[in-house]
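Colleague: Structure for the following, please:
(one chain, ligands or ions: 1)
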Amino acid sequence: MARITVGVSGGIGAYKAVEVVRGLQKHGHDVTVVMTQSAQRFVGELTFEAITRRRVVTSQWAPGLNADIEHIALADQSDLLLVVPATANVIAKFAHGVADDFLSSLYLATTAPVLLAPAMNTHMLEHPAVVANLDALTARGVRFVAPGEGYLACGWVGKGRLAEPAEVVAAAHALVSHGGRLDGRRVLVTAGPTFEDLDPVRFIGNRSSGRMGYAVAGEAAKRGATVVLVTGPTHLDPPAGVEVVRVRSAADMHAAVMAHAGVVDAVVMAAAVADYTPEAVAAQKVAKGDGGWTVPLTRTVDILAALGKLPSRADRRPVLIGFAAETHDVLAHADAKRKRKGVDLVVANDVAQAGAGFEVDTNVVTFLDDAGAETLPLLPKTEVAGRILDRLERLLGVTPAPAAR
Ligand code: CTP
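Modeller: Here you go, the predicted model:
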C-alpha cells in the first residue's frame, strides 16, 4: 500500500481521474485528491470526497488548512504525486517553479516521484513552449504517461488525449510498488577492497572505494530484498536496512560469503578481491634492512568461481552476478571470465576509461550474459545499481514492471 496524492487539473479528461482514483484504490493504495480551481469546473469535489472518503484539497486558502501547513505535510507523506490530467498550464508551472496554488506548491515541496498524465489539444502538445517544458521536467526525473491518439474534445483527432485510466493506474502502481519486487528474496552483495596484511602495520590493498557494491546493496534493500553486505574496509556509510558483515582479507571475505551462500537467492560480487596474499603475516613489524624486501605471495580463493561450482540452481545455487574490471580487450576478457567462473551475468567495466571504475561516482558498464552484450552509457553508480537490479530481477524470474515513459 502506498500513499498517492492525485492532482487533478482543469482539462476535459478530469472526469477520467475519478476512474484512476478508483483503480489505485483497487490496488490497495491510499489516495488523497488535490484539485486545481479549474478542475472544479469539470468535476465536483464531492465526487472525489465520496470515493476517497477524505477531504479534497481545493484551495490553499481554505480555513484550517494552514494550521498544519498541509502542502508540506502532504508533500512529506506522499509516496507518489500523480497529476491526471496534467494541463499545459500545470506542466508550465511545474517546469518553472511557479507556486501560486496548492498543487504547484505541493510539487515544489515533495521529494516523492512525480508522474504526469498530460492531456491537451494536439497543437498545444506540439508547441515548442510545451515541448521545452516537458523536456525540462523529463530532465528533472519527472515521469509521464504518454497521451494517446484519438478523438479530442476540441474536435480534432490526434495526439493529446489523456492516456486510458487503466494505463495511468498501471504506471503509477509500477512506480510505487517498485520497492516491493524483491520482497522475500535474500541477496548477498560484496563490496570494497580486501587488505592482505604483511605485518601489524602494512598491508597490500587496492583502489576500490566500495561505492558500486554499496549502491547495489542499497538498491536491493529499497526493492524489498533482505540484504547482507559483506564489505572490505571502506569509508562509506552502509545503506539503510542492510545487514553489514565487515571483513578485511580475501580469506575473511571467502568465509563470510560461503557462510551465507546456501541461504541466499543471489550473490553480487562487486568486491575487488585480492588475487594474491602474503604467504605469511609477520607477527611483528618488519624493520627495514639495507637491501630490498621480497614478499612471497600465494593465490587466494576465487570466491566467485567457488560459488559457480556450487550445485545447480534447483539445489539452491544462488544467481551469480560478477564484475570484471579490465584495462584492455574488455569484452573478450570479461566474457571469458563469465564462462570460466560459471556466472549468470558479468558487469564489465574498462577501468582505464574516464568516469569509470575506482574512486568516481560514475561508471560505464557492459552487461554480458548468454544472450550477448548490452553497453550502458556513462551513468551515476546509483543508476548502474538500478540497472543491475533490473537484470537480477529478470534472472530471479521477477516480472519487470511496465515502464512509465
Ligand atoms: N573475484 C572473486 N574472488 C577473487 C577474485 C575476484 O570472487 N579472489 C570476483 C570479483 O569480485 C569480481 C570477479 O571475480 O566479481 C572478477 O574480478 P576481476 O578482478 O576482474 O578478475 P579476476 O578474476 O581477478 O581475474 P584477473 O585478475 O585475471 O583479471
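
Colleague: excluding its backbone neighbours, what's nearest residue 275?
Modeller: residue 300 (6.0 Å; Cβ to Cβ, 6 or more residues apart in numbering). The C-beta positions use only the backbone N, C-alpha and C, and glycine is treated the same way.

Colleague: Looks like the one you found contacts residue 272 (just checking).
Modeller: No. Using Cβ atoms under 8 Å, residue 300 is not in contact with residue 272, being 11.9 Å away.

Colleague: Those two - which one has more neighbours?
Modeller: residue 272 (26 against 18; other Cβ atoms under 10 Å).

Colleague: Spatially, which residue comes closest to the more buried one, not counting chain neighbours?
Modeller: In space, residue 272 is closest to residue 208, 3.6 Å off (Cβ to Cβ, 6+ apart).

Colleague: who are the neighbours in contact with the one you found?
Modeller: 191-193, 232, 234, 271-272, 358 (Cβ atoms under 8 Å, 6 or more residues apart in numbering).

Colleague: any chance you could map the strands in the stretch 51-200 of the chain?
Modeller: 80-86, 114-118, 143-144, 148-151, 157-161, 186-191, 196-197 (DSSP state E, counting those that start in this stretch).

Colleague: Now the element after the last one, going C-ward?
Modeller: The element immediately downstream of strand 196-197 (helix or strand, assigned by DSSP states H and E) is strand 203-204.

Colleague: Need the contact partners of that following strand.
Modeller: 195-198, 274, 276-278.

Colleague: what does stretch 125-138 give?
Modeller: So stretch 125-138 is contacted by 88, 91-92, 94-96, 114, 116, 118, 120, 124, 144, 147, 159-160 (Cβ under 8 Å, 6+ apart).

Colleague: give me the number of residues near the residue of the stretch 101-250 of the chain found nearest the ligand?
Modeller: Nearest residue of the stretch 101-250 of the chain to the ligand, counting by Cβ to the nearest ligand atom: residue 250, 5.5 Å away. For residue 250, the neighbour count with other Cβ under 10 Å is 25.

Colleague: Provide a list of residues in contact with it.
Modeller: Residue 250 neighbours (Cβ under 8 Å, 6+ apart): 194, 196, 273-275, 277, 300-301, 303.

Colleague: what's the distance between the nearest residue to residue 25 once chain neighbours are set aside and residue 169?
Modeller: Nearest residue to residue 25, sequence neighbours excluded (Cβ to Cβ, 6+ apart): residue 31, at 6.0 Å. Between residue 31 and residue 169 the distance is 11 Å, computed by Cβ to Cβ, to the nearest Å.

Colleague: Close to the ligand: what parts of the stretch 301-405 of the chain are there?
Modeller: 302-304, 322-325, 337 (Cβ under 6 Å from any ligand atom).

Colleague: make it 5 Å
Modeller: 302-304, 322-325 (Cβ under 5 Å from any ligand atom).

Colleague: I figured residue 230 was touching residue 243, is that so?
Modeller: No. Counting by Cβ under 8 Å, residue 230 does not reach residue 243; the two are 9.5 Å apart.

Colleague: Between the two, tell me which one has more neighbours.
Modeller: residue 230 (28 against 14).

Colleague: The one helix or strand the more buried one maps to vs strand 186-191, what angle?
Modeller: Assigned by DSSP H and E, residue 230 belongs to strand 226-231. Put simply, strand 226-231 runs at 20 degrees to strand 186-191, going by axes from the mean of the first three to the mean of the last three Cα atoms, to 10 degrees.

Colleague: Tell me which helix or strand comes right after strand 226-231.
Modeller: strand 243-246.

Colleague: how about that following strand: buried residues?
Modeller: residue 245 (16 or more other Cβ atoms under 10 Å).
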